[in-house]
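**Q** this one's structure only:
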């Protein structure tokens with residue numbers, strides 16, 4: 001069996017900086033995602049979590065630095081190669097991002113119809129299997145997104161993301177807006193997705209229950225505006241247990257949901 005440690009990381013940011021006009025969001029950020037792990041990215045609003053996801057998926061191009069997919073600089077890939085590599089990626093959007101005018105079946109089948117030449121019978125079988133994987137019965141196939149609860153929309157979004165059997169899954173705030181029970185359902189589905197087949201997962205979340213349950217490794221980003229010029233934007237990297245035991249108040253206050261120094265900064269401002 002091949003040694004995974006000798007293989008290029010599925011995703012890697014190397015000295016990445018990204019700016020929008022005069023505002024820099026990420027500065028000299030280097031981060032590698034290991035094959036098969038679930039990496040959870042945390043940090044307060046405005047620290048660059050969502051921008052990091054968009055860089056990793058190729059939706060944004062860095063101002064400086066490079067993004068590598070399996071050791072290859074994304075900027076060197078030809079359009080055909082780029083398209084092929086993107087088909088290895090699944091993405092669960094924060095709001096599920098279902099097509100309102102389509103049925104559940106059509107939403108889950110969308111990627112298969114757009115990117116494969118599979119016969120309709122095979123597509124129907126795959127859609128049914130993916131819906132079953134996320135705990136939804138075939139009876140939901142004819143429903144429109146407007147007829148679904150928030151939790152059901154998330155699960156349909158996950159089924160759609162998994163339809164093409166991606167090697168890498170991105171989860172953008174997967175439990176936002178859900179009650180505690182449905183949040184736990186989504187967390188369990190993240191775990192089950194990885195258990196069914198080898199998949200590398202990147203999760204952005206504020207939900208510390210999700211962090212504790214699914215993370216192999218945590219990276220915490222910090223807003224540039226509150227860092228010294230040469231200070232790393234990654235203020236923590238480690239396990240959930242290490243995060244809760246961190247002596248760094250920026251980390252401990254965030255993971256425990258304590259206002260602490262942030263409240264004093266706001267009052268002083």
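**A** Thanks, I have it. Everything numeric here is computed off the predicted structure, so don't read it as measured data.
**Q** I'd like the distance from the closest residue to residue 161 other than its chain neighbours to residue 175, if you could.
**A** Closest residue to residue 161 apart from its sequence neighbours, by Cβ to Cβ, 6 or more residues apart in numbering: residue 90 at 3.6 Å. Using the backbone N, CA and C atoms, a C-beta is placed for each residue, glycine as well. Using Cβ to Cβ, to the nearest Å, one gets 17 Å for the distance from residue 90 to residue 175.
**Q** Over to residue 218?
**A** 16 Å.
**Q** Break the protein down into its domains, please.
**A** 33-62+78-88+168-269, 98-165 (automatic domain parsing).
**Q** Worst mean pLDDT among these?
**A** Among the domains of the chain, domain 33-62+78-88+168-269 has the lowest mean pLDDT, at a mean of 88.
**Q** what number of residues lie near the closest residue to residue 115 other than its chain neighbours?
**A** Spatial nearest neighbour of residue 115, chain neighbours left out: residue 87 (5.8 Å); criterion: Cβ to Cβ, 6+ apart. Residues contacting residue 87 under the criterion other Cβ atoms under 10 Å number 16.
**Q** Look up phi and psi at residue 87.
**A** phi -70, psi -10 (degrees, to the nearest 10).
**Q** I am assuming it contacts residue 164, so please confirm or correct that.
**A** Yes: using Cβ atoms under 8 Å, residue 87 is in contact with residue 164, at 6.0 Å.
**Q** Mutual contacts of those two, please.
**A** residue 115 (Cβ atoms under 8 Å, 6 or more residues apart in numbering).
**Q** in the stretch 101-250 of the chain, which spans are helices?
**A** 104-115, 120-133, 150-162, 180-196, 208-214, 240-244, 249-256 (DSSP state H, counting those that start in this stretch).
**Q** Mind giving me the packing neighbours of the first one?
**A** In terms of contacts (3 or more Cβ pairs under 8 Å, 6 or more residues apart in numbering; DSSP states H and E), helix 104-115 is packed against helix 120-133, helix 150-162.
**Q** Can you give me every residue that contacts the residue nearest to residue 115?
**A** Here residue 87 is in contact with 115, 164, 166 (Cβ under 8 Å, 6+ apart).
**Q** For those residues, pick the one with the most neighbours.
**A** Most surrounded of the contacts of residue 87: other Cβ under 10 Å gives residue 166, at 21 neighbours.
**Q** Just say helix, strand or coil for the residue nearest to it when sequence neighbours are not counted.
**A** Counting by Cβ to Cβ, 6+ apart, residue 90 is the residue found nearest to residue 166 once chain neighbours are left out, at 3.5 Å. Put simply, residue 90 is strand when judged by DSSP: H, G, I helix; E, B strand; the rest coil.
**Q** Pretty sure residue 13 sits against residue 30.
**A** Yes: contact criterion Cβ under 8 Å: residue 13 and residue 30 qualify, at 6.0 Å.
**Q** So if I had to pick from the two, which one is more boxed in?
**A** Ranked by neighbour count (other Cβ under 10 Å), residue 13 and residue 30 place residue 13 first, with 22 against 13.
**Q** can you pull up the bridge partners for that one?
**A** Residue 13 has these beta-bridge partners by DSSP bridges: residue 31, residue 67.
**Q** Give me the distance between it and residue 241.
**A** Residue 13 is 26 Å from residue 241, by Cβ to Cβ.
**Q** Quickly note the distance from residue 231 to residue 241.
**A** Residue 231 is 25 Å from residue 241, by Cβ to Cβ.
**Q** give me every residue that touches the residue nearest to residue 161.
**A** Counted by Cβ under 8 Å, 6+ apart, residue 90 has contacts 161, 162, 164, 166, 168, 169, 170.
**Q** Great, nothing more from me.
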